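**Student:** Sequence and predicted model, in that order:
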There are 2 protein chains.
Amino acid sequence: MPDFLRTVPPGDDRERLTCPDCGFVAYENPKIVVGSVVSEGGRILLCRRAIEPRRGFWTLPAGYMEMAETVEEGARREAWEEARARIALDGVLAVYSIARIGQVQVIFRAGFESPGFEAGPESLEVRLFGWDEIPWEEVAFPSVHWALRHWREREGRPLAAPATNPPDDPRGSRPPPRQAGL
Amino acid sequence: MPDFLRTVPPGDDRERLTCPDCGFVAYENPKIVVGSVVSEGGRILLCRRAIEPRRGFWTLPAGYMEMAETVEEGARREAWEEARARIALDGVLAVYSIARIGQVQVIFRAGFESPGFEAGPESLEVRLFGWDEIPWEEVAFPSVHWALRHWREREGRPLAAPATNPPDDPRGSRPPPRQAGL
Ligand SMILES: [Zn+2]
Ligand SMILES: [Zn+2]
């Protein structure tokens, strides 16, 4: 693959990555992550990552949305792929922006549609954690902390307007938490 | 630009568009539209489109999110670009999926941060409409109908969990409304 150049394509108003050989314009768009806080009886489903980044750390079942699916379908697909869980969505819990890497996360609140879960190919381990059992030092990403906290704030109550980035990190600019000793 | 081929790249599990000349993989990701229902005293700001698709039809100030911005920054930018309006966001009103074209729309409820608006370069005209004045037959897209209806349902009350696609169009598969005689 040749080196792409930053040029302003005809009719555009910003520089875009363009292939000097074939003229292909690689529009970089923010990517959408869809995921869920899945709980049962106050315990929350977390997946220990089998892949980088943050291999070995705990995260929500979440991943990049694909073409031709809805956010709801994507969130359910990811719960199946990562945790072999069939989930029922309650509604949108949070919409986060990680501007640093061009990412928007749409996080649902969910329960189990049918019982059972196990590690999918991208997870080392999948477990339900009571609130006081969550391994906070081994949580993979700041936004997982945010979503867990926002879930806890609305636990047992109807959803409100979705949470957005917390005031201390409005653009999602903070790096991941320091690596805990795993 | 050469014809891209559909092949499964190494390490992937789906077909992606790949350039046979240079090997570039054009990952197609859903795109994020950010926009707002901006109101003042019960009247709603609509923009008459100066560009295709649906030139001449009325829409919300909304457009594609750019890299390195948050959804909130994007919604405010679009209100400025299309309606020269400085807006204050209240929260997320709706999250819609248009699976047919790989699009997610994050729609805010908003008011004016400072007075004044006028047509930006992509608008022919910008106006405030009372609910009974909205030119429903000349609304550009189904999702604009949805957002206006959802706005109306929560008018004067705190936001709830964001609306998602209406039950009659859960995947956003319907084509735009029939072109009215303009
Ligand atoms: Zn090329
Ligand atoms: Zn090429």
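**Tutor:** Cool, the structure landed. Numbers count the residues shown, from 1 in each chain, chains lettered A, B, ... in the order given. Ligands and ions are numbered 1, 2, ... in the order given.
**Student:** In three-state terms, label the residue of chain A found nearest ligand 2 for me.
**Tutor:** For chain A, the nearest residue to ligand 2 under the criterion C-beta to the ion is residue A:22, separated by 3.6 Å. C-beta here means a position set from N, CA and C on the backbone, and glycine is covered the same way. Look at residue A:22: counting by DSSP: H, G, I helix; E, B strand; the rest coil, its state is coil.
**Student:** Residue A:144 now?
**Tutor:** Assigned by three-state DSSP, the conformation of residue A:144 is helix.
**Student:** these two touch, right, it and residue A:54?
**Tutor:** No: between residue A:144 and residue A:54 there is no contact under C-beta atoms under 8 Å: 9.6 Å.
**Student:** Mind listing what's buried along the top strand by length along chain A?
**Tutor:** Across chain A, the strand with the greatest residue count (assigned by DSSP state E) is strand A:87-98. For strand A:87-98, burial by neighbour count (16 or more other C-beta atoms under 10 Å in any protein chain shown) applies to A:87, A:89, A:90, A:91, A:92, A:93, A:94, A:95, A:96, A:97, A:98.
**Student:** Same list, the residues you listed, but only the ones touching chain B.
**Tutor:** Restricting the buried residues of strand A:87-98 to those touching chain B (C-beta under 8 Å from any C-beta of the partner chain) yields A:91, A:92, A:95, A:97.
**Student:** Using a markdown table, please lay out those residues together with pLDDT and distance to residue A:167.
**Tutor:** Output for those, formatted as a markdown table (pLDDT from 0 to 100; distance: C-beta to C-beta, whole Å):
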| residue | pLDDT | distance to residue A:167 |
| --- | --- | --- |
| A:91 | 97 | 23 |
| A:92 | 98 | 20 |
| A:95 | 98 | 15 |
| A:97 | 97 | 14 |
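**Student:** which one among those gets closest to residue B:18?
**Tutor:** residue A:97 (30.0 Å; C-beta to C-beta).
**Student:** Show the contacting residues for that closest one.
**Tutor:** Residues touching residue A:97, when contacts are defined by C-beta atoms under 8 Å, 6 or more residues apart in numbering or on different chains, comprise A:103, A:104, A:105, A:164, A:165, A:171, A:172, B:69, B:70, B:71, B:72, B:73.
**Student:** switch the cut-off to 10 Å
**Tutor:** Residue A:97 makes contact with A:30, A:103-105, A:143, A:164-165, A:170-172, B:32, B:34, B:65, B:69-74, B:106, according to C-beta atoms under 10 Å, 6 or more residues apart in numbering or on different chains.
**Student:** go on, residue A:111?
**Tutor:** Applying C-beta under 10 Å, 6+ apart, the residues near residue A:111 are A:36, A:37, A:38, A:39, A:40, A:41, A:45, A:87, A:88, A:89, A:90.
**Student:** partner strands of the lowest-mean-pLDDT helix or strand in chain A, parallel or antiparallel?
**Tutor:** In chain A, no helix or strand scores lower on mean pLDDT, DSSP states H and E than strand A:25-26, which sits at a mean of 74. Partners of strand A:25-26 in the sheet, by DSSP bridges, are strand A:16-18 (antiparallel).
**Student:** in chain A, what spans have low per-residue confidence?
**Tutor:** A:1-3, A:176-182 (pLDDT under 70).
**Student:** what about the residue located most distally from the centre of it, distance to ligand 1?
**Tutor:** Distance from the C-alpha centroid of chain A peaks at residue A:21, with 35.3 Å (C-alpha atoms, centre = their mean). To ligand 1, residue A:21 is 4 Å away according to C-beta to the ion, to the nearest Å.
**Student:** The closest residue in space to residue A:91 that isn't next to it in sequence and residue B:96: what is the separation?
**Tutor:** Leaving out its chain neighbours, the residue that sits closest to residue A:91 by C-beta to C-beta, 6 or more residues apart in numbering or on different chains is residue B:161, at 3.8 Å. The gap separating residue B:161 from residue B:96 is 14 Å, by C-beta to C-beta, to the nearest Å.
**Student:** Ligand 1: which of the contacts of residue A:111 is nearest?
**Tutor:** residue A:36 (37.9 Å).
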